[in-house]
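Engineer: Got a predicted structure here, sequence first:
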Amino acid sequence: DLDNAESYWERDERFDVAISLNRGRPAQDALCRVLERWIGHFTGARVEIAPQRAIDDQRWVWHVGLDAEASALLNDLYNRVDRCV
């Protein structure tokens, strides 16, 4: 959020700043751009990252989650497990 971006530098060592990565929020797109640049920096590969609600690709064989919960979600998507409650 641009309204409170400056306060991050006052709090960065307190580890109490959170950001919403919910679908459609600006931070989600920003994270994708950061990850693209990070991968490019370390590997030289040009990649495009986009949030996906579902993956409908018969050739899809590999994915990476940012943590155990994200990996579990991606595994469920791959296995077509319905997570809607």
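Structural biologist: On my side now, so go ahead.

Engineer: how about low-confidence regions in the chain?
Structural biologist: Low-confidence segments of the chain, defined by pLDDT under 70, are located at 1, 62-65, 85.

Engineer: which residues in it form helices?
Structural biologist: 8-11, 26-43, 68-78 (DSSP state H).

Engineer: Need the ones you listed in a markdown table (columns: distance to residue 18).
Structural biologist: (Each C-beta comes from the backbone N, C-alpha and C, glycine too.) Shown next, in a markdown table, are the helices of the chain (distance: least, Cβ to Cβ, whole Å):
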| stretch | distance to residue 18 |
| --- | --- |
| helix 8-11 | 11 |
| helix 26-43 | 10 |
| helix 68-78 | 16 |
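
Engineer: Just give the number of residues close to residue 72.
Structural biologist: Residues near residue 72, counting by other Cβ atoms under 10 Å, number 13.

Engineer: Contact partners for residue 46?
Structural biologist: Residue 46 sits next to 36, 40 when contact means Cβ atoms under 8 Å, 6 or more residues apart in numbering.

Engineer: ok, and what's touching stretch 2-22?
Structural biologist: 27-28, 31.

Engineer: Now stretch 34-47: buried residues?
Structural biologist: Buried residues in stretch 34-47, counted by 16 or more other Cβ atoms under 10 Å: residue 36.
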